[in-house]
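*Asks:* Sharing a model that was predicted from the sequence below.
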Amino acid sequence: MPEPIDSWWARRRTSRGLAVPYAVGTYREAWASFPVLVRQYRPEHNGGIVLSQIPPAADVYLCWLCDAGHLFVATPDEQRNRPGRERRRSSWCPDCSEQAKPRALPMRPPMAPAAAVREQAASLGGAAPVVGSPRVAQTAGPPPAELAPVRPAPPVRPDPPVRSDPPVRADPPVRPTAVRRAKPTRASQPICDKTPAVPTGTPFVSVCAPRPASAVEAELRAELTARLEFEPGLNAVRVGRPFFDHVEVWPDIVLSELRVAIEYDSTGRHGLEHVGRREVADRRKDAALRAAGWQVVRLRTGRLPMLGPHDLELSGFTRQTVPRLLDELRVIRGSLFVDAYLRG
């Protein structure tokens, strides 16, 4: 149950037996992935406690101030999960998000009979009589001819038919049936035809693969190439089922000799990478690779949770990253097999 910042800080003092339970800067690295939250946090509204003294998983109410000047209360977990798919500044503030939503126009209530008469008379340029007024009922003359009720004419009996044949009944008109458009399914989406016709699980060089955009990924590839021998240049693996509009996936590093795909995941500059729907896409990608006979090792940074049995949780790319990766490759394929590809 979340509690105010004063109560939470006092309880942490008692449980840890310290006047300052968390020193300034203890959780600076954990909050570095959320620059918008660092800017919105105000120590003067939170008892003078700075953000780097609060764990991101703390169940505590904090005061935040957005760029528009809205002061609101939310827990760290609510703030870290608040941004949606679109990267807009208003998504970090509930008041700004509410103002950004389009509001439906109110429906006009049904007009009363008296109001309808007045509006019709005003459109014709005349005065509107007051419906139900006794003065109007007494002074009103006979209705005009065009408004006088018309009595129905007496029914005319048709002459008996000359022929004795029964009348032929016409068939009722056939109403055209409404044509419903079928919703597009995943199977009906067009599949890219640039993937070569190779067996499932075969690595190759794809012309559709995006260029590496992460400097850490290039550094990781260079460090791994210096320690391990593997075929360079491969950037795709053929899978057995479509992955979005392709039958191929593009791992960050393809170890064709070990049939292992390496992925380096971080939360990105805005803290939106590999979370939410993008995490669902990562799980689909891993499932497609495993179905093709491959294993996946994800290097998860920024406190991203592990998705597979061989993922590694890292604080960042350090000197211990490649040795830990090699140890995990030995767990997957065996020490004898992996050590045979080591350089030197």
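*Replies:* Alright, I've got the coordinates.
*Asks:* what bits of the stretch 51-200 of the chain have low per-residue confidence?
*Replies:* For the stretch 51-200 of the chain, the stretches with pLDDT under 70 are 82-92, 98-188.
*Asks:* what do you get if the cut-off is 90, keeping everything else the same?
*Replies:* Counting by pLDDT under 90, the ranges of the stretch 51-200 of the chain that qualify are 56-59, 61, 64-190.
*Asks:* Give me the neighbour count for residue 264.
*Replies:* Counted with other Cβ atoms under 10 Å, the neighbours of residue 264 add up to 22. Every residue, glycine included, has its C-beta placed from N, CA and C.
*Asks:* how far away is it from residue 53?
*Replies:* Remark: distance between residue 264 and residue 53 (Cβ to Cβ, to the nearest Å) = 30 Å.
*Asks:* List the buried residues of stretch 72-81.
*Replies:* Buried residues in stretch 72-81, defined by neighbour count with 16 or more other Cβ atoms under 10 Å: 74-76, 79-80.
*Asks:* Quick check: strands, which of those residues are part of them?
*Replies:* Mapping the buried residues of stretch 72-81 onto strands (DSSP state E) picks out residue 74.
*Asks:* Who are the contact partners of residue 250?
*Replies:* 206, 208-210, 235-236 (Cβ atoms under 8 Å, 6 or more residues apart in numbering).
*Asks:* Among these, find me the one that's closest to residue 17.
*Replies:* residue 210 (52.3 Å; Cβ to Cβ).
*Asks:* contacting residues around the closest one?
*Replies:* Contact partners of residue 210, counting by Cβ under 8 Å, 6+ apart, are residue 250.
*Asks:* and it, helix, strand or coil?
*Replies:* Assigned with DSSP: H, G, I helix; E, B strand; the rest coil, residue 210 falls in the coil class.
*Asks:* can you give me the helices for the stretch 1-150 of the chain?
*Replies:* 5-16, 28-31, 35-40, 76-80, 94-100, 113-124, 134-139 (DSSP state H, counting those that start in this stretch).
*Asks:* Tell me the buried residues in the shortest one?
*Replies:* Read that as helix 28-31. 30-31.
*Asks:* Show me what it is in contact with.
*Replies:* Contacts for helix 28-31 (Cβ under 8 Å, 6+ apart): 37-38, 51-52, 55-56, 303, 315.
*Asks:* quick one, phi psi at residue 308?
*Replies:* The phi/psi pair for residue 308 (degrees, to the nearest 10) reads phi -130, psi 170.
*Asks:* Show the contacting residues for it.
*Replies:* Counting by Cβ under 8 Å, 6+ apart, residue 308 touches 286, 296-298.
*Asks:* I'd like the distance between it and residue 79.
*Replies:* 28 Å.
*Asks:* Ok, residue 302 next?
*Replies:* Taking Cβ to Cβ, one finds residue 302 at 15 Å from residue 79.
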